[in-house]
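# give me a model of this one.
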Amino acid sequence: MKRTPHTAEFKKKVALEAIREDKTLAQIASTYGVHPVQVSKWKKMLLDGASVIFTGLKKSRRDIGWDQEAHERKIGRMSIELDYLKKKLGQSS
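Predicted coordinates:
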């Protein structure tokens with residue numbers, strides 16, 4: 001029996017259907033042409049991997065390189081430049 005490589009997208013689709021529990025693992029396996037044990041493994045991998053997605057979501061602004069003072073200075077400079085340009089355009093009209 002030849003093994004068929006499945007894409008990550010295919011595995012995700014099958015695993016999500018298994019998580020929904022609208023059908024039995026055997027029904028899902030039959031639909032997609034894979035073994036029920038494989039469906040079960042992909043479902044477990046998806047559920048186990050989901051916790052990784054939500055780990056470390058709350059990063060501080062410092063961790064992501066946020067420098068509020070630098071941003072405020074930049075906004076200030078840009079506001080001054082905008083006011084200057086508005087003034088110049090108003091005078092030349």
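# report all helices and strands that the helix or strand containing residue 74 contacts.
Using DSSP states H and E, residue 74 maps to helix 68-92. In terms of contacts (3 or more CB pairs under 8 Å, 6 or more residues apart in numbering; DSSP states H and E), helix 68-92 is packed against no helix or strand at all. Placement of C-beta: from N, CA and C, glycine included.
# distance between it and the chain's centre?
36 Å (CA atoms, centre = their mean, to the nearest Å).
# which ones are touching residue 43?
Applying CB atoms under 8 Å, 6 or more residues apart in numbering, we find residue 43 in contact with 15, 18-19.
# now, of those, which are buried?
15, 18 (16 or more other CB atoms under 10 Å).
# helix, strand or coil for residue 5?
coil (DSSP: H, G, I helix; E, B strand; the rest coil).
# ignore what I typed, I meant residue 34.
Criterion first, three-state DSSP; result for residue 34: coil.
# could you measure from it over to residue 72?
According to CB to CB, to the nearest Å, residue 34 and residue 72 sit 56 Å apart.
# kindly report the same for residue 25.
Using CB to CB, residue 25 is found at 56 Å from residue 72.
# tell me where the chain is predicted with low confidence.
Low-confidence segments of the chain, defined by pLDDT under 70: 1, 56-64, 91-93.
# and the residue nearest the centre of it, how far is that from residue 80?
The centroid of the chain falls nearest to residue 53 when counting by CA atoms, centre = their mean (8.3 Å). Going from residue 53 to residue 80 by CB to CB gives 43 Å.
# quick one on the thing from earlier: so which of residue 25 and residue 72 has more stuff around it?
residue 25 (18 against 10; other CB atoms under 10 Å).
# grab the nearest non-local neighbour of that one.
residue 36 (4.4 Å; CB to CB, 6 or more residues apart in numbering).
# could you count how many residues lie near that neighbour?
Neighbours of residue 36 using other CB under 10 Å come to 15.
# could you export the contacts of residue 43 as a markdown table, including secondary structure and distance to residue 3?
Below are the contacts of residue 43 laid out as a markdown table (DSSP: H, G, I helix; E, B strand; the rest coil; distance: CB to CB, whole Å):
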| residue | secondary structure | distance to residue 3 |
| --- | --- | --- |
| 15 | helix | 18 |
| 18 | helix | 20 |
| 19 | helix | 24 |
